[in-house]
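In: coords please:
(one chain, ligands or ions: 1)
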Amino acid sequence: MAQPRMLILGAPGAGKGTQSAKITDEFDIDHVTTGDALRANKEMDISEMDTEYDTPREYMDQGELVPDEVVNAIVDEALSQADGFVLDGYPRNLEQADELEDMTDLDLALYLDVSEEELVHRLTGRRLDPETGDIYHVEYNPPEDPEVEDRLEQREDDTEETVKERLRVFRENTEPVIDHYEDEGSLERVDGEQAPEDVWEDVKKTIENTD
Ligand code: AMP
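Out: Down below sits the predicted model:
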């Protein structure tokens, strides 16, 4: 498939960001990620939208979903400028999936399957280098340079309490989205618990075999 229009679905910590970066490189398409877009606009004033909180940050810090109206607008704008794309972190509920159907056609929805125990372990151990943006893990992938190690930060929503809430929100809101694409016949599952290079091999093959 030359320039796929695709979703990458999976729980928080399933590896969507890592695999999306490889997909965008290999297939020369846009990476549209609602999580990054919202992190870059955390303090945006959304009070006019009649929402519970006035900024995305308040939802994100608690592991809750940012209101659909805010997220749908971000995706609509990004997709209008893309030929091919990998959409990462959206749709996260059935209402968003409905909205997406009005915005574009999809070639495939790829689901990275990882057990909950492994997700908690990955997320609570995840650390970010604020200077380079590189991602490490305290156990699986610690930095060699002690200077880098000293400056590592934890994402505010990667604490154990918020991780548990994000996984609950995933089970409640996003699992029905996965069932929806499965029922529709467009879902492809990949075992996301393998080493990142092996996950990538399966992801690449799956995209190449989609017609
Ligand atoms: P992520 O980086 O994809 O794990 O997203 C981090 C946080 O951003 C989530 O916990 C939500 O608060 C918010 N967020 C990201 N994508 C969406 C979405 N599609 N709908 C609602 N909230 C979202």
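In: centroid residue for this structure?
Out: The centroid of the chain falls nearest to residue 89 when counting by C-alpha atoms, centre = their mean (3.3 Å).
In: check contacts around that residue.
Out: Counting by C-beta atoms under 8 Å, 6 or more residues apart in numbering, residue 89 touches 16, 33, 34, 35. All C-beta atoms are positioned from the backbone trio N, CA, C, and that covers glycine.
In: those residues also near the ligand: which ones?
Out: 34, 35 (C-beta under 6 Å from any ligand atom).
In: top of the contacts of residue 89 by neighbour count?
Out: residue 16 (24 neighbours; other C-beta atoms under 10 Å).
In: look up how far residue 108 lies from the residue lying closest to residue 29 once chain neighbours are set aside.
Out: Closest residue to residue 29 apart from its sequence neighbours, by C-beta to C-beta, 6 or more residues apart in numbering: residue 84 at 3.4 Å. Separation of residue 84 from residue 108 (C-beta to C-beta, to the nearest Å) stands at 12 Å.
In: mutual contacts of those two, please.
Out: Common neighbours of residue 84 and residue 108 (C-beta under 8 Å, 6+ apart) are 4, 6.
In: once you drop chain neighbours, what's closest to residue 191?
Out: Residue 191 sits nearest to residue 113 (C-beta to C-beta, 6+ apart), 5.9 Å away.
In: ok, residue 142 next?
Out: In space, residue 142 is closest to residue 136, 6.0 Å off (C-beta to C-beta, 6+ apart).
In: can I assume the one you found sits in a strand?
Out: Yes. Counting by DSSP: H, G, I helix; E, B strand; the rest coil, residue 136 is located in a strand.
In: look up how far residue 149 lies from it.
Out: With C-beta to C-beta as the criterion, residue 136 and residue 149 are 8 Å apart.
In: overlap of the contact sets of those two?
Out: 142, 143.
In: compare the two and say which is more crowded by neighbours.
Out: Between residue 136 and residue 149, counted using other C-beta under 10 Å, residue 136 has the larger neighbour count: 17 against 14.
In: spatially nearest residue to residue 60 (excluding sequence neighbours)?
Out: residue 157 (6.0 Å).
In: Three-state assignment for the one you found, please.
Out: helix.
In: got a list of what it touches?
Out: Here residue 157 is in contact with 60, 61, 63, 163, 166 (C-beta under 8 Å, 6+ apart).
In: ranges for the helices of the chain?
Out: Along the chain, the segments classed as helices by DSSP state H run 16-27, 34-40, 56-61, 68-80, 94-103, 116-124, 146-151, 160-169, 175-184, 196-208.
In: pull out the buried positions in the third one.
Out: This means helix 56-61. Buried positions in helix 56-61, judged by neighbour count with 16 or more other C-beta atoms under 10 Å: 56, 57, 59, 60.
In: count of neighbours near the closest residue to residue 193 other than its chain neighbours?
Out: Take residue 193 and drop its neighbours on the chain: the residue closest to it by C-beta to C-beta, 6+ apart is residue 114, 5.1 Å away. Counted with other C-beta under 10 Å, the neighbours of residue 114 add up to 20.
In: all good on my end, thank you.
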